[in-house]
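In: sequence and predicted structure are below.
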Amino acid sequence: MAEYKETHIVEIPVDEEHQQKLQSAMATIPAIQQHPLMEISESPGHLLLLKLWQREEDLFERRIAMMETRMDNIKRELFQLCCFLLAFHGFFLTILFNLSIRSQEHTCRRWWLLSLISVSSSLTMIFLVQMKLCRYWKVSRQLQREKSDNRAVTRCIQELRMKGRSFDLSKEPQNSRRMKSSSVEIKWKPLSWCSQNLITICLICVTGMVFPACKYILCG
């Protein structure tokens, strides 16, 4: 005898909430396919350009971090040199004061020799400070250029991610800072030079005051 199997179909009721979620999930599939990042992944040229710019952005960030560390080290060295120079002046003036108490007539005749030793030693230290300052501002200018180039690359990456396949592959990062006119910088160049070399100017003034102070201490 043939056996007949009955097939039972079970209907699962779907409420309105689940139905709305299902419809929204089905509606997001075309939106994901049309997303700019999906368009970039499907275009080899745009994907390659995005990877190259991301790698360039990473290199910029590494160089910026190295330059910032280098500037911190230079500032620390400048502080040490300035403290050493001020300590030298204080120690030297103390020695002159002790010499003036012991034999004033003998030391007064050679005040210019002691002052010359102080000035020559101070100028050597000031020269080292000025070299450190020049290096500091050179690294600072390089750092500003690197940051400006990094911002230009970041803007291009953001624009590429927003536009997707419609982004022009021939576009290059534009550095707005270099496009500006340098007339303002030339106009305020003396003021900027004074601000950059303010430490050297102050040290020269201190050295200039120490020179007549030697004569006053020894012959006063």
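Out: Cool, got the structure.

In: quick one: the helices in the chain?
Out: Counting by DSSP state H, one finds helices in the chain at the ranges 16-33, 36-42, 44-102, 104-109, 111-163, 176-179, 183-187, 189-196, 198-219.

In: which one of those helices lies nearest to Ser170?
Out: helix 44-102 (10.1 Å; C-beta to C-beta). Quick note: C-beta positions are derived from backbone N, CA and C, even for glycine.

In: and that closest one, what does it pack onto?
Out: In this structure, helix 44-102 makes packing contacts with helix 36-42, helix 104-109, helix 111-163, helix 198-219, judged by 3 or more C-beta pairs under 8 Å, 6 or more residues apart in numbering; DSSP states H and E.

In: least confident of those, on average?
Out: Lowest mean pLDDT of the helices and strands packed on helix 44-102: helix 104-109, a mean of 65.

In: so how far is Met125 from Cys194?
Out: Separation of Cys194 from Met125 (C-beta to C-beta, to the nearest Å): 20 Å.

In: which of those two has more residues huddled nearby?
Out: Each of Cys194 and Met125 has its neighbours counted (other C-beta atoms under 10 Å); Met125 has more, 18 against 10.

In: could you check how far the closest residue to that one other than its chain neighbours is from Phe127?
Out: In this structure, Met125 finds its nearest non-sequential neighbour in Leu85, 4.5 Å apart by C-beta to C-beta, 6 or more residues apart in numbering. Distance from Leu85 to Phe127, counting by C-beta to C-beta: 11 Å.

In: who's more crowded, the two?
Out: Neighbours per residue (other C-beta under 10 Å) separate Leu85 from Phe127, with Leu85 holding more: 20 against 11.

In: from Arg141, how far off is the residue nearest to Met125?
Out: For Leu85 relative to Arg141 (C-beta to C-beta), the value is 26 Å.

In: cool, and Ile64?
Out: 13 Å.

In: compare those two (neighbour count), which wins?
Out: Ile64 (16 against 10).

In: neighbours of the nearest residue to that one once chain neighbours are set aside, how many?
Out: Spatially, and ignoring its direct neighbours in sequence, Ile64 is nearest to Glu146 (5.3 Å; C-beta to C-beta, 6+ apart). Glu146: 18 surrounding residues under other C-beta under 10 Å.

In: my read: Glu146 touches Glu68, true?
Out: No: at 10.0 Å, Glu146 does not count as touching Glu68 under the criterion of C-beta atoms under 8 Å.

In: residue contacts, Cys156?
Out: 53, 171-173 (C-beta atoms under 8 Å, 6 or more residues apart in numbering).

In: how about stretch 82-91 as CSV, C-alpha atoms only?
Out: Extracted C-alpha coordinates of stretch 82-91, given in CSV (Å, rounded to 0.1, in the frame of the first residue of the first chain):
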residue,chain,number,x,y,z
CYS,A,82,71.2,80.7,29.2
CYS,A,83,71.3,79.4,32.7
PHE,A,84,75.0,78.5,32.4
LEU,A,85,75.8,82.0,31.0
LEU,A,86,73.9,83.8,33.8
ALA,A,87,75.6,81.5,36.4
PHE,A,88,79.0,82.3,34.8
HIS,A,89,78.3,86.1,35.1
GLY,A,90,77.3,85.7,38.7
PHE,A,91,80.4,83.6,39.6
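
In: that concludes my questions; thank you for your assistance.
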